[in-house]
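1. heads up, no residue letters with this:
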(Lines give C-alpha, C1' and ligand atoms only; values in the text may rest on other atoms or scores of the structure.)
Protein backbone atom coordinates (compact mmCIF):
# COMPACT_ATOMS: atom_id res chain seq x y z
CA UNK A 1 0.00 0.00 0.00
CA UNK A 2 1.17 3.57 -0.67
CA UNK A 3 0.80 6.84 1.19
CA UNK A 4 -2.18 9.12 0.37
CA UNK A 5 0.33 11.77 -0.60
CA UNK A 6 1.86 9.43 -3.18
CA UNK A 7 0.07 11.15 -6.14
CA UNK A 8 1.63 14.47 -5.25
CA UNK A 9 5.03 12.81 -4.87
CA UNK A 10 4.68 11.12 -8.25
CA UNK A 11 3.99 14.49 -9.88
CA UNK A 12 7.09 15.86 -8.17
CA UNK A 13 9.09 12.85 -9.34
CA UNK A 14 7.87 13.32 -12.91
CA UNK A 15 8.95 16.95 -12.83
CA UNK A 16 12.38 15.79 -11.59
CA UNK A 17 12.61 13.33 -14.47
CA UNK A 18 11.63 15.99 -17.02
CA UNK A 19 14.21 18.36 -15.58
CA UNK A 20 16.92 15.72 -15.75
CA UNK A 21 15.89 14.82 -19.30
CA UNK A 22 16.15 18.48 -20.37
CA UNK A 23 19.53 18.76 -18.67
CA UNK A 24 21.00 15.74 -20.42
CA UNK A 25 19.19 16.12 -23.76
CA UNK A 26 22.05 18.02 -25.48
CA UNK A 27 24.37 15.11 -24.66
CA UNK A 28 21.89 12.68 -26.14
CA UNK A 29 21.86 14.62 -29.39
CA UNK A 30 25.65 14.44 -29.66
CA UNK A 31 25.82 10.71 -28.71
CA UNK A 32 26.07 8.20 -31.50
CA UNK A 33 24.00 5.07 -32.13
CA UNK A 34 20.56 6.62 -31.75
CA UNK A 35 18.93 9.43 -33.66
CA UNK A 36 17.64 12.44 -31.84
CA UNK A 37 14.10 11.22 -32.37
CA UNK A 38 14.99 7.75 -31.04
CA UNK A 39 16.61 9.22 -27.98
CA UNK A 40 13.53 11.23 -27.20
CA UNK A 41 11.34 8.15 -27.53
CA UNK A 42 13.67 6.02 -25.35
CA UNK A 43 13.98 8.72 -22.69
CA UNK A 44 10.22 9.01 -22.50
CA UNK A 45 9.94 5.24 -22.12
CA UNK A 46 12.57 5.27 -19.32
CA UNK A 47 10.57 7.96 -17.58
CA UNK A 48 7.40 5.89 -17.90
CA UNK A 49 9.16 2.72 -16.65
CA UNK A 50 10.58 4.42 -13.58
CA UNK A 51 7.26 6.09 -12.78
CA UNK A 52 5.50 2.75 -13.09
CA UNK A 53 8.11 1.05 -10.88
CA UNK A 54 7.79 3.75 -8.22
CA UNK A 55 4.01 3.30 -8.19
CA UNK A 56 3.71 -0.47 -8.45
CA UNK A 57 6.64 -1.71 -6.35
CA UNK A 58 4.26 -1.40 -3.38
CA UNK A 59 2.23 -4.31 -4.91
CA UNK A 60 -1.00 -2.36 -4.34
CA UNK A 61 -3.17 0.11 -6.17
CA UNK A 62 -2.65 3.71 -5.18
CA UNK A 63 -4.18 4.25 -1.73
CA UNK A 64 -4.96 0.54 -1.34
CA UNK A 65 -4.18 -1.74 1.62
CA UNK A 66 -4.32 -5.12 -0.09
CA UNK A 67 -2.03 -6.64 -2.66
CA UNK A 68 -3.36 -6.38 -6.22
CA UNK A 69 -2.61 -9.24 -8.63
CA UNK A 70 -2.66 -6.99 -11.72
CA UNK A 71 -0.15 -4.65 -10.11
CA UNK A 72 2.05 -7.67 -9.32
CA UNK A 73 1.83 -8.83 -12.93
CA UNK A 74 2.71 -5.36 -14.22
CA UNK A 75 5.70 -5.25 -11.84
CA UNK A 76 6.93 -8.61 -13.10
CA UNK A 77 6.76 -7.33 -16.67
CA UNK A 78 9.06 -4.43 -15.89
CA UNK A 79 12.03 -6.79 -15.45
CA UNK A 80 13.95 -8.87 -17.91
CA UNK A 81 13.67 -12.62 -17.39
CA UNK A 82 17.29 -12.89 -16.20
CA UNK A 83 17.19 -9.84 -13.93
CA UNK A 84 18.88 -10.15 -10.53
CA UNK A 85 17.16 -8.07 -7.88
CA UNK A 86 18.21 -7.04 -4.40
CA UNK A 87 15.25 -7.83 -2.12
CA UNK A 88 15.34 -4.98 0.37
CA UNK A 89 12.32 -5.96 2.48
CA UNK A 90 11.95 -9.75 2.68
CA UNK A 91 14.62 -10.50 5.35
CA UNK A 92 15.61 -13.86 6.77
CA UNK A 93 16.87 -14.26 10.35
CA UNK A 94 20.32 -15.77 10.77
CA UNK A 95 21.23 -16.19 14.46
CA UNK A 96 24.78 -17.30 13.60
CA UNK A 97 25.80 -14.02 12.01
CA UNK A 98 28.01 -11.59 13.93
CA UNK A 99 26.32 -8.51 12.45
CA UNK A 100 22.66 -7.72 11.86
CA UNK A 101 20.91 -11.11 12.06
CA UNK A 102 18.23 -9.94 9.59
CA UNK A 103 19.80 -10.66 6.20
CA UNK A 104 18.71 -9.61 2.70
CA UNK A 105 19.53 -11.48 -0.47
CA UNK A 106 19.82 -10.97 -4.24
CA UNK A 107 17.20 -13.02 -6.08
CA UNK A 108 16.09 -13.87 -9.58
CA UNK A 109 13.08 -12.06 -10.97
CA UNK A 110 10.66 -14.94 -10.38
CA UNK A 111 11.95 -15.66 -6.87
CA UNK A 112 11.80 -11.99 -5.98
CA UNK A 113 8.19 -11.58 -7.16
CA UNK A 114 7.01 -14.92 -5.74
CA UNK A 115 8.55 -14.24 -2.34
CA UNK A 116 6.89 -10.85 -2.14
CA UNK A 117 3.54 -12.38 -3.14
CA UNK A 118 3.87 -15.19 -0.57
CA UNK A 119 5.07 -13.07 2.31
CA UNK A 120 3.26 -9.73 2.00
CA UNK A 121 -0.47 -10.21 1.31
CA UNK A 122 -1.19 -6.60 2.34
CA UNK A 123 1.48 -5.18 0.11
CA UNK A 124 4.13 -2.67 1.10
CA UNK A 125 4.33 0.93 2.30
CA UNK A 126 6.90 2.84 0.27
CA UNK A 127 8.10 6.42 0.59
CA UNK A 128 10.22 7.34 -2.43
CA UNK A 129 12.50 10.21 -1.43
CA UNK A 130 14.98 10.95 -4.22
CA UNK A 131 15.79 9.65 -7.72
CA UNK A 132 18.98 10.43 -9.68
CA UNK A 133 19.33 9.20 -13.29
CA UNK A 134 22.66 8.61 -15.00
CA UNK A 135 22.68 8.66 -18.86
CA UNK A 136 26.44 8.32 -19.32
CA UNK A 137 26.11 4.88 -20.93
CA UNK A 138 23.02 5.67 -22.94
CA UNK A 139 24.71 4.85 -26.27
CA UNK A 140 25.77 1.49 -24.82
CA UNK A 141 22.18 0.64 -24.13
CA UNK A 142 22.35 1.19 -20.35
CA UNK A 143 20.86 3.76 -18.01
CA UNK A 144 21.09 3.66 -14.21
CA UNK A 145 18.99 5.37 -11.57
CA UNK A 146 19.85 5.78 -7.87
CA UNK A 147 16.72 5.61 -5.74
CA UNK A 148 16.52 6.59 -2.07
CA UNK A 149 13.43 5.27 -0.34
CA UNK A 150 11.86 3.95 2.88
CA UNK A 151 10.03 0.65 2.62
CA UNK A 152 7.93 -1.10 5.27
CA UNK A 153 5.83 -4.24 5.35
CA UNK A 154 4.42 -6.94 7.64
CA UNK A 155 4.88 -10.48 6.41
CA UNK A 156 2.77 -13.57 6.99
CA UNK A 157 4.81 -14.41 10.12
CA UNK A 158 3.85 -11.00 11.54
CA UNK A 159 7.36 -9.54 11.31
CA UNK A 160 7.21 -5.83 10.49
CA UNK A 161 10.32 -4.81 8.55
CA UNK A 162 11.51 -1.30 7.86
CA UNK A 163 14.39 -0.39 5.55
CA UNK A 164 15.86 2.98 4.77
CA UNK A 165 18.03 2.21 1.77
CA UNK A 166 19.43 3.34 -1.54
CA UNK A 167 19.01 1.17 -4.65
CA UNK A 168 20.78 1.24 -8.01
CA UNK A 169 18.23 0.46 -10.73
CA UNK A 170 19.81 -0.74 -13.98
CA UNK A 171 17.75 -0.19 -17.15
CA UNK A 172 18.52 -1.96 -20.40
CA UNK A 173 17.51 -0.59 -23.86
CA UNK A 174 16.23 -3.42 -26.01
CA UNK A 175 16.88 -3.62 -29.83
CA UNK A 176 13.30 -2.48 -30.46
CA UNK A 177 14.02 0.56 -28.25
CA UNK A 178 11.80 -0.80 -25.46
CA UNK A 179 13.24 -0.56 -21.93
CA UNK A 180 13.24 -2.97 -18.99
CA UNK A 181 14.92 -3.23 -15.62
CA UNK A 182 17.84 -5.64 -15.92
CA UNK A 183 18.69 -5.66 -12.21
CA UNK A 184 18.60 -3.82 -8.92
CA UNK A 185 21.66 -3.55 -6.68
CA UNK A 186 22.05 -2.32 -3.14
CA UNK A 187 24.03 0.87 -2.54
CA UNK A 188 23.11 1.19 1.15
CA UNK A 189 20.68 -0.62 3.44
CA UNK A 190 19.54 -0.37 7.07
CA UNK A 191 17.03 -3.14 7.57
CA UNK A 192 15.40 -3.54 10.99
CA UNK A 193 12.48 -5.39 12.51
CA UNK A 194 10.15 -2.95 14.25
CA UNK A 195 8.50 -5.56 16.50
CA UNK A 196 11.57 -7.52 17.65
CA UNK A 197 13.15 -5.26 20.27
CA UNK A 198 15.82 -7.71 21.40
CA UNK A 199 16.66 -8.78 17.80
CA UNK A 200 16.44 -12.51 18.45
CA UNK A 201 14.13 -13.58 15.64
CA UNK A 202 10.96 -13.74 17.78
CA UNK A 203 8.43 -10.91 17.57
CA UNK A 204 7.59 -9.13 20.82
CA UNK A 205 4.08 -10.50 21.18
CA UNK A 206 5.35 -14.10 20.93
CA UNK A 207 8.56 -13.51 22.89
CA UNK A 208 8.52 -14.90 26.45
CA UNK A 209 11.63 -12.82 27.18
CA UNK A 210 11.12 -9.66 25.06
CA UNK A 211 13.92 -7.75 26.79
CA UNK A 212 16.57 -10.48 26.52
CA UNK A 213 18.10 -11.81 23.34
CA UNK A 214 17.28 -15.50 23.17
CA UNK A 215 16.84 -18.39 20.79
CA UNK A 216 13.90 -18.96 18.49
CA UNK A 217 13.28 -22.53 19.67
CA UNK A 218 12.77 -21.26 23.24
CA UNK A 219 10.36 -18.46 22.33
CA UNK A 220 13.04 -15.81 22.49
CA UNK A 221 14.49 -16.70 25.89
CA UNK A 222 18.24 -17.08 26.45
CA UNK A 223 19.91 -20.44 27.06
CA UNK A 224 23.47 -19.75 28.18
CA UNK A 225 24.50 -23.37 28.62
CA UNK A 226 22.77 -24.60 25.45
CA UNK A 227 20.95 -27.48 27.10
CA UNK A 228 17.52 -26.69 25.65
CA UNK A 229 16.05 -25.12 28.78
CA UNK A 230 15.63 -21.33 28.96
CA UNK A 231 17.68 -19.70 31.70
CA UNK A 232 14.62 -18.66 33.72
CA UNK A 233 13.55 -22.31 33.93
CA UNK A 234 17.06 -23.73 34.25
CA UNK A 235 18.19 -24.52 37.79
CA UNK A 236 21.81 -24.46 36.58
CA UNK A 237 21.85 -21.89 33.75
CA UNK A 238 25.64 -21.99 33.38
CA UNK A 239 26.01 -25.79 33.29
CA UNK A 240 24.27 -28.00 30.74
CA UNK A 241 22.04 -30.77 32.03
CA UNK A 242 18.90 -32.74 31.14
CA UNK A 243 15.43 -31.32 31.67
CA UNK A 244 14.68 -34.25 34.00
CA UNK A 245 17.23 -32.79 36.40
CA UNK A 246 16.10 -29.20 36.06
CA UNK A 247 18.79 -28.37 33.50
CA UNK A 248 21.55 -29.31 35.91
CA UNK A 249 24.33 -31.83 35.25
CA UNK A 250 23.61 -35.34 36.59
CA UNK A 251 26.17 -34.77 39.32
CA UNK A 252 24.83 -31.41 40.43
CA UNK A 253 24.48 -30.53 44.09
CA UNK A 254 21.35 -28.45 44.47
CA UNK A 255 19.13 -30.20 46.97
CA UNK A 256 17.35 -28.41 49.79
CA UNK A 257 18.36 -30.89 52.50
CA UNK A 258 21.91 -32.20 52.50
CA UNK A 259 23.67 -34.54 54.91
CA UNK A 260 27.44 -34.60 55.15
CA UNK A 261 29.91 -36.47 57.31
CA UNK A 262 33.66 -36.77 57.41
CA UNK A 263 36.84 -37.25 59.35
CA UNK A 264 40.22 -35.60 59.40
CA UNK A 265 43.21 -34.33 61.28
CA UNK A 266 42.92 -31.40 63.68
CA UNK A 267 45.61 -29.16 65.18
CA UNK A 268 44.53 -28.03 68.67
CA UNK A 269 45.90 -25.27 70.85
CA UNK A 270 44.37 -24.49 74.23
CA UNK A 271 46.20 -21.62 75.92
CA UNK A 272 45.71 -21.23 79.70
CA UNK A 273 46.58 -18.02 81.53
CA UNK A 274 46.20 -17.31 85.25
CA UNK A 275 44.50 -14.07 86.22
CA UNK A 276 43.65 -12.08 89.35
CA UNK A 277 40.85 -13.24 91.54
CA UNK A 278 42.12 -16.50 93.05
CA UNK A 279 40.79 -16.20 96.61
CA UNK A 280 40.52 -19.82 97.76
CA UNK A 281 43.18 -19.31 100.44
CA UNK A 282 42.14 -17.59 103.72
CA UNK A 283 43.80 -14.25 104.23
CA UNK A 284 45.69 -14.44 100.94
CA UNK A 285 48.27 -11.71 100.54
CA UNK A 286 47.72 -10.18 97.11
CA UNK A 287 50.87 -8.14 97.17
CA UNK A 288 54.17 -9.19 95.68
CA UNK A 289 54.36 -11.85 98.37
CA UNK A 290 52.07 -14.07 96.24
CA UNK A 291 52.65 -14.77 92.58
CA UNK A 292 50.26 -16.23 90.04
CA UNK A 293 51.11 -19.16 87.87
CA UNK A 294 52.91 -19.00 84.54
CA UNK A 295 51.33 -21.73 82.42
CA UNK A 296 53.42 -22.86 79.49
CA UNK A 297 51.88 -25.02 76.78
CA UNK A 298 54.34 -27.27 75.01
CA UNK A 299 53.23 -26.60 71.44
CA UNK A 300 50.11 -27.65 69.54
CA UNK A 301 48.45 -31.04 69.82
CA UNK A 302 47.17 -33.15 66.96
CA UNK A 303 44.08 -35.33 67.00
CA UNK A 304 41.63 -37.22 64.85
CA UNK A 305 38.33 -35.38 64.41
CA UNK A 306 34.96 -36.58 63.12
CA UNK A 307 32.10 -34.39 61.98
CA UNK A 308 28.57 -34.51 60.63
CA UNK A 309 25.90 -31.96 59.81
CA UNK A 310 22.58 -31.43 58.10
CA UNK A 311 22.14 -28.32 55.95
CA UNK A 312 19.03 -26.67 54.59
CA UNK A 313 19.38 -24.46 51.49
CA UNK A 314 16.84 -21.74 50.85
CA UNK A 315 14.88 -21.20 47.65
CA UNK A 316 12.17 -23.10 45.79
CA UNK A 317 14.25 -23.62 42.67
CA UNK A 318 17.72 -25.10 42.44
CA UNK A 319 19.03 -21.90 40.90
CA UNK A 320 18.41 -20.11 44.21
CA UNK A 321 19.82 -22.78 46.51
CA UNK A 322 23.25 -21.34 47.09
CA UNK A 323 22.55 -20.02 50.59
CA UNK A 324 21.71 -22.16 53.57
CA UNK A 325 22.04 -22.97 57.25
CA UNK A 326 23.47 -26.06 58.89
CA UNK A 327 23.55 -27.69 62.31
CA UNK A 328 25.99 -30.39 63.26
CA UNK A 329 28.71 -31.58 65.56
CA UNK A 330 32.43 -32.33 65.64
CA UNK A 331 34.18 -34.55 68.13
CA UNK A 332 37.85 -35.02 69.03
CA UNK A 333 40.08 -36.05 71.91
CA UNK A 334 43.67 -35.11 72.63
CA UNK A 335 46.11 -34.58 75.51
CA UNK A 336 47.81 -31.25 76.11
CA UNK A 337 50.99 -30.88 78.18
CA UNK A 338 51.44 -27.85 80.44
CA UNK A 339 54.30 -26.76 82.69
CA UNK A 340 53.27 -24.69 85.72
CA UNK A 341 55.86 -22.23 87.02
CA UNK A 342 56.27 -19.23 89.37
CA UNK A 343 53.57 -20.13 91.87
CA UNK A 344 53.71 -18.82 95.44
CA UNK A 345 50.84 -18.35 97.86
CA UNK A 346 51.25 -16.53 101.19
CA UNK A 347 48.09 -16.89 103.27
CA UNK A 348 46.86 -17.48 106.86
CA UNK A 349 47.58 -20.96 108.26
CA UNK A 350 46.84 -22.58 111.62
CA UNK A 351 48.78 -24.86 113.95
CA UNK A 352 47.17 -27.81 115.67
CA UNK A 353 46.64 -25.52 118.64
CA UNK A 354 44.60 -23.27 116.34
CA UNK A 355 47.27 -20.58 116.47
CA UNK A 356 47.59 -18.61 113.26
CA UNK A 357 50.70 -17.93 111.25
CA UNK A 358 51.74 -16.99 107.72
CA UNK A 359 51.70 -20.08 105.62
CA UNK A 360 53.86 -20.18 102.49
CA UNK A 361 53.12 -22.68 99.69
CA UNK A 362 55.53 -22.63 96.77
CA UNK A 363 55.27 -24.84 93.69
CA UNK A 364 58.78 -25.93 92.87
CA UNK A 365 57.86 -28.05 89.87
CA UNK A 366 54.49 -28.61 88.21
CA UNK A 367 53.44 -30.50 85.13
CA UNK A 368 49.96 -31.36 83.96
CA UNK A 369 48.80 -33.72 81.25
CA UNK A 370 45.25 -32.59 80.51
CA UNK A 371 43.03 -34.86 78.45
CA UNK A 372 40.44 -32.88 76.46
CA UNK A 373 37.35 -34.49 74.98
CA UNK A 374 35.76 -31.75 72.90
CA UNK A 375 32.28 -31.74 71.41
CA UNK A 376 31.50 -28.83 69.15
CA UNK A 377 27.89 -28.08 68.12
CA UNK A 378 28.05 -25.40 65.39
CA UNK A 379 25.22 -23.51 63.72
CA UNK A 380 26.52 -22.01 60.47
CA UNK A 381 25.36 -19.88 57.58
CA UNK A 382 26.65 -21.26 54.30
CA UNK A 383 27.15 -20.06 50.75
CA UNK A 384 28.09 -22.35 47.86
CA UNK A 385 28.73 -21.95 44.15
CA UNK A 386 29.59 -24.26 41.28
CA UNK A 387 33.02 -23.96 39.72
CA UNK A 388 32.68 -26.57 36.97
CA UNK A 389 30.11 -29.20 36.07
CA UNK A 390 31.36 -31.46 38.87
CA UNK A 391 33.23 -29.13 41.20
CA UNK A 392 31.65 -26.78 43.71
CA UNK A 393 32.92 -24.63 46.57
CA UNK A 394 31.29 -23.62 49.84
CA UNK A 395 32.17 -21.31 52.70
CA UNK A 396 30.47 -21.09 56.07
CA UNK A 397 30.62 -19.17 59.33
CA UNK A 398 28.71 -19.28 62.56
CA UNK A 399 28.67 -19.81 66.30
CA UNK A 400 29.02 -22.99 68.26
CA UNK A 401 28.41 -24.43 71.71
CA UNK A 402 31.61 -26.16 72.77
CA UNK A 403 31.67 -28.78 75.50
CA UNK A 404 35.05 -29.42 77.13
CA UNK A 405 35.32 -32.64 79.14
CA UNK A 406 38.73 -32.41 80.79
CA UNK A 407 40.61 -34.93 82.91
CA UNK A 408 43.88 -34.43 84.80
CA UNK A 409 45.84 -37.55 84.00
CA UNK A 410 47.58 -39.50 86.78
CA UNK A 411 50.92 -38.95 85.05
CA UNK A 412 50.80 -35.33 86.14
CA UNK A 413 53.23 -34.30 88.88
CA UNK A 414 53.69 -31.45 91.36
CA UNK A 415 56.38 -30.74 93.98
CA UNK A 416 55.84 -28.11 96.72
CA UNK A 417 57.58 -26.37 99.59
CA UNK A 418 55.24 -26.00 102.59
CA UNK A 419 56.72 -23.40 104.91
CA UNK A 420 55.63 -20.82 107.47
CA UNK A 421 56.51 -17.76 109.58
CA UNK A 422 55.04 -17.22 113.04
CA UNK A 423 54.77 -13.46 113.55
CA UNK A 424 58.40 -13.10 112.62
CA UNK A 425 59.71 -14.97 115.70
CA UNK A 426 59.91 -18.47 114.26
CA UNK A 427 61.67 -17.30 111.15
CA UNK A 428 63.50 -20.62 111.05
CA UNK A 429 60.31 -22.30 109.78
CA UNK A 430 61.39 -21.16 106.34
CA UNK A 431 63.62 -23.77 104.75
CA UNK A 432 66.31 -21.40 103.50
CA UNK A 433 66.68 -19.83 106.95
CA UNK A 434 67.11 -23.19 108.58
CA UNK A 435 69.71 -24.37 106.11
CA UNK A 436 71.65 -21.14 106.34
CA UNK A 437 71.66 -20.58 110.12
CA UNK A 438 71.37 -23.84 112.02
CA UNK A 439 74.34 -25.84 113.18
CA UNK A 440 72.70 -28.90 111.71
CA UNK A 441 71.19 -27.33 108.60
CA UNK A 442 68.82 -30.02 107.44
CA UNK A 443 65.41 -28.40 107.07
CA UNK A 444 63.73 -31.58 105.86
CA UNK A 445 64.75 -33.51 109.01
CA UNK A 446 63.67 -30.61 111.18
CA UNK A 447 60.30 -30.33 109.45
CA UNK A 448 59.75 -34.05 109.80
CA UNK A 449 60.45 -33.85 113.54
CA UNK A 450 58.02 -30.95 113.89
CA UNK A 451 55.30 -32.88 112.07
CA UNK A 452 55.86 -35.98 114.25
CA UNK A 453 56.36 -34.20 117.54
CA UNK A 454 54.00 -31.21 117.68
CA UNK A 455 52.00 -31.51 114.43
CA UNK A 456 53.59 -28.61 112.61
CA UNK A 457 52.81 -29.30 108.92
CA UNK A 458 55.92 -28.24 107.00
CA UNK A 459 57.91 -29.90 104.24
CA UNK A 460 60.35 -29.19 101.46
CA UNK A 461 60.31 -30.75 97.97
CA UNK A 462 57.21 -32.72 98.79
CA UNK A 463 55.73 -34.50 95.79
CA UNK A 464 51.95 -34.27 95.88
CA UNK A 465 49.67 -36.69 94.06
CA UNK A 466 47.17 -35.14 91.66
CA UNK A 467 43.51 -34.92 92.52
CA UNK A 468 41.94 -36.54 89.44
CA UNK A 469 38.84 -34.55 88.65
CA UNK A 470 36.65 -34.48 85.57
CA UNK A 471 35.68 -30.98 84.49
CA UNK A 472 32.77 -30.44 82.10
CA UNK A 473 32.59 -26.89 80.85
CA UNK A 474 30.49 -25.29 78.13
CA UNK A 475 31.76 -22.34 76.13
CA UNK A 476 30.54 -20.24 73.26
CA UNK A 477 32.76 -20.41 70.21
CA UNK A 478 33.04 -19.26 66.63
CA UNK A 479 33.69 -21.40 63.59
CA UNK A 480 34.43 -20.88 59.89
CA UNK A 481 34.88 -23.40 57.11
CA UNK A 482 35.74 -23.73 53.42
CA UNK A 483 35.05 -26.85 51.37
CA UNK A 484 35.40 -28.18 47.85
CA UNK A 485 32.85 -30.71 46.57
CA UNK A 486 33.51 -33.15 43.77
CA UNK A 487 30.32 -34.79 42.51
CA UNK A 488 30.52 -38.50 41.82
CA UNK A 489 26.80 -39.24 41.25
CA UNK A 490 23.59 -37.28 40.97
CA UNK A 491 23.15 -37.16 44.74
CA UNK A 492 26.63 -37.84 46.16
CA UNK A 493 29.78 -35.78 46.33
CA UNK A 494 33.18 -36.04 47.95
CA UNK A 495 34.12 -33.22 50.30
CA UNK A 496 37.58 -31.78 50.94
CA UNK A 497 37.71 -28.99 53.46
CA UNK A 498 39.33 -26.95 56.16
CA UNK A 499 37.75 -25.39 59.25
CA UNK A 500 38.85 -23.05 61.99
CA UNK A 501 37.36 -22.86 65.50
CA UNK A 502 37.94 -20.20 68.13
CA UNK A 503 36.58 -20.30 71.68
CA UNK A 504 37.74 -17.83 74.37
CA UNK A 505 36.42 -17.84 77.96
CA UNK A 506 37.13 -16.83 81.52
CA UNK A 507 36.89 -19.57 84.13
CA UNK A 508 35.79 -18.47 87.61
CA UNK A 509 36.48 -20.49 90.77
CA UNK A 510 36.66 -18.54 94.02
CA UNK A 511 37.34 -21.69 96.08
CA UNK A 512 40.37 -22.91 94.17
CA UNK A 513 43.42 -24.05 96.18
CA UNK A 514 46.30 -25.65 94.31
CA UNK A 515 47.46 -27.18 97.66
CA UNK A 516 47.16 -26.09 101.29
CA UNK A 517 49.05 -28.61 103.46
CA UNK A 518 51.33 -31.58 103.02
CA UNK A 519 48.43 -33.97 103.23
CA UNK A 520 46.54 -32.32 100.37
CA UNK A 521 46.22 -33.49 96.80
CA UNK A 522 47.22 -31.27 93.91
CA UNK A 523 44.32 -29.54 92.16
CA UNK A 524 44.65 -28.85 88.44
CA UNK A 525 45.25 -25.29 87.41
CA UNK A 526 42.47 -25.87 84.87
CA UNK A 527 39.93 -25.67 87.70
CA UNK A 528 41.24 -22.29 88.86
CA UNK A 529 40.39 -18.73 87.98
CA UNK A 530 42.05 -18.70 84.53
CA UNK A 531 41.52 -17.39 81.03
CA UNK A 532 41.39 -20.05 78.28
CA UNK A 533 41.74 -19.53 74.56
CA UNK A 534 41.04 -22.56 72.44
CA UNK A 535 41.77 -22.66 68.69
CA UNK A 536 41.62 -25.56 66.28
CA UNK A 537 42.51 -25.94 62.61
CA UNK A 538 41.08 -29.06 60.98
CA UNK A 539 41.62 -30.68 57.58
CA UNK A 540 38.97 -33.21 56.65
CA UNK A 541 37.50 -35.36 53.91
CA UNK A 542 33.99 -36.73 53.74
CA UNK A 543 30.90 -37.43 51.71
CA UNK A 544 27.82 -35.35 50.94
CA UNK A 545 24.39 -36.80 50.23
CA UNK A 546 21.42 -34.92 48.80
CA UNK A 547 18.42 -36.08 50.84
CA UNK A 548 15.45 -35.07 48.66
CA UNK A 549 16.73 -36.29 45.30
CA UNK A 550 13.22 -37.09 44.09
CA UNK A 551 12.44 -33.38 43.72
CA UNK A 552 13.83 -32.15 40.43
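-> Okay, I see it. These numbers come from a predicted model, not from an experiment.
2. which helices and strands sit right next to the one helix or strand residue 396 maps to?
-> Taking DSSP states H and E as the criterion, residue 396 maps to strand 391-408. Helices and strands touching strand 391-408, by 3 or more CB pairs under 8 Å, 6 or more residues apart in numbering; DSSP states H and E, are strand 356-386, strand 470-487, strand 492-506. All C-beta spots, glycine's among them, are computed from the backbone N, C-alpha and C.
3. In its sheet, which strands sit next to that strand, and in what direction?
-> strand 356-386 (antiparallel), strand 470-487 (antiparallel) (DSSP bridges).
4. Just send the helices and strands packed on strand 391-408 back as a markdown table, with mean pLDDT too.
-> Formatted as a markdown table, the helices and strands packed on strand 391-408 follow (pLDDT from 0 to 100):
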| stretch | mean pLDDT |
| --- | --- |
| strand 356-386 | 90 |
| strand 470-487 | 90 |
| strand 492-506 | 93 |
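5. Out of those, the one nearest residue 464 is which?
-> strand 356-386 (9.4 Å; CB to CB).
6. tell me the angle the closest one makes with strand 492-506.
-> Counting by axes from the mean of the first three to the mean of the last three CA atoms, to 10 degrees, strand 356-386 lies at 150 degrees to strand 492-506.
7. now the stretch 301-450 of the chain, which segments are flagged as low pLDDT?
-> 316-320, 410-411, 423-444, 448-450 (pLDDT under 70).
8. would CSV of the strands paired with strand 391-408 with distance to residue 147 and mean neighbour count be doable?
-> Listed next are these as CSV, based on distance: least, CB to CB, whole Å; neighbours: other CB atoms under 10 Å:
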stretch, distance to residue 147, mean neighbour count
strand 356-386, 57, 19
strand 470-487, 63, 17
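9. quick one: the spatially closest residue to residue 137 that is not a sequence neighbour and residue 50, what's the gap?
-> Take residue 137 and drop its neighbours on the chain: the residue closest to it by CB to CB, 6 or more residues apart in numbering is residue 143, 7.0 Å away. Applying CB to CB, to the nearest Å, the value for residue 143 to residue 50 is 9 Å.
10. Touching both of the two, which residues are there?
-> 133, 171 (CB atoms under 8 Å, 6 or more residues apart in numbering).
11. I'd like the helices and strands packed on strand 391-408 as JSON lines, with distance to residue 306 appended.
-> Listed next are those as JSON lines, based on distance: least, CB to CB, whole Å:
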{"stretch": "strand 356-386", "distance to residue 306": "11"}
{"stretch": "strand 470-487", "distance to residue 306": "15"}
{"stretch": "strand 492-506", "distance to residue 306": "12"}
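12. so where do the helices sit in the chain?
-> Along the chain, the segments classed as helices by DSSP state H run 6-30, 36-56, 69-77, 109-119, 431-437, 443-453.
13. per-stretch mean pLDDT over these, give me the minimum one.
-> Least confident of the helices of the chain, judged by mean pLDDT, is helix 6-30 with a mean of 45.
14. Residue 66 contacts residue 72, doesn't it?
-> No - contact between residue 66 and residue 72 fails when scored by CB atoms under 8 Å: they sit 11.6 Å apart.
15. Pop out the phi and psi values for residue 225.
-> phi -90, psi 0 (degrees, to the nearest 10).
16. How about residue 90?
-> phi -90, psi 80.
17. Give me the neighbour count for it.
-> Applying other CB atoms under 10 Å, we find 21 other residues in the vicinity of residue 90.
18. Could I get the contacting residues of it?
-> 104, 115, 116, 119, 120, 155, 161.
19. nearest to residue 547, of those?
-> For those, the nearest to residue 547 is residue 155 (53.4 Å; CB to CB).
20. tell me the contacts of the closest residue to the closest one other than its chain neighbours?
-> Excluding its sequence neighbours, the residue lying closest to residue 155 (CB to CB, 6+ apart) is residue 119, at 4.2 Å. By CB under 8 Å, 6+ apart, the contact set of residue 119 is 90, 155, 156, 157.
21. Return the members of those residues classed as buried.
-> Among the contacts of residue 119, the ones that count as buried by 16 or more other CB atoms under 10 Å are 90, 155.
22. re earlier: the residue nearest to residue 137: what's it in contact with?
-> So residue 143 contacts 46, 133, 134, 135, 137, 170, 171, 173, 179 (CB under 8 Å, 6+ apart).
23. can you count the residues close to the fifth one?
-> By the criterion of other CB under 10 Å, residue 137 has 13 neighbours.
24. So for it, what's the pLDDT?
-> pLDDT, read off for residue 137, is 91.
25. quick revisit: for the residue nearest to residue 137, name its beta-bridge partners.
-> Here residue 143, judged by DSSP bridges, has bridge partners residue 171.
26. In terms of pLDDT, where does it sit?
-> Reported pLDDT for residue 143: 95.
27. mind checking how far it is from residue 45?
-> Following CB to CB, the distance that separates residue 143 from residue 45 is 10 Å.
28. Residue 375 now?
-> Applying CB to CB to residue 375 and residue 45 gives a distance of 104 Å.
29. any idea how far residue 494 is from the most centrally placed residue in the chain?
-> Nearest residue to the geometric centre of the chain (CA atoms, centre = their mean): residue 385, 5.6 Å. Residue 385 sits 17 Å away from residue 494, going by CB to CB.
30. on that earlier part again, among the strands paired with strand 391-408, which comes closest to residue 537?
-> Across the strands paired with strand 391-408, closest to residue 537 is strand 470-487 (CB to CB), at 10.6 Å.
31. Could I get the buried residue list for stretch 177-184?
-> Buried, per 16+ other CB under 10 Å, within stretch 177-184: 179, 180, 181, 182, 183, 184.
32. export these to JSON lines and tack on pLDDT?
-> Putting the buried residues of stretch 177-184 into JSON lines (pLDDT from 0 to 100) gives the following:
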{"residue": "179", "pLDDT": "95"}
{"residue": "180", "pLDDT": "96"}
{"residue": "181", "pLDDT": "97"}
{"residue": "182", "pLDDT": "96"}
{"residue": "183", "pLDDT": "97"}
{"residue": "184", "pLDDT": "97"}
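33. what's the closest of these to residue 361?
-> Top of the list for closeness to residue 361, among the buried residues of stretch 177-184 and by CB to CB, is residue 184 at 114.8 Å.
34. PyMOL command for the buried members of the contacts of residue 143?
-> One line in PyMOL is enough to select the buried ones among the contacts of residue 143; burial here means 16+ other CB under 10 Å:
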select buried, resi 46+133+135+170+171+173+179
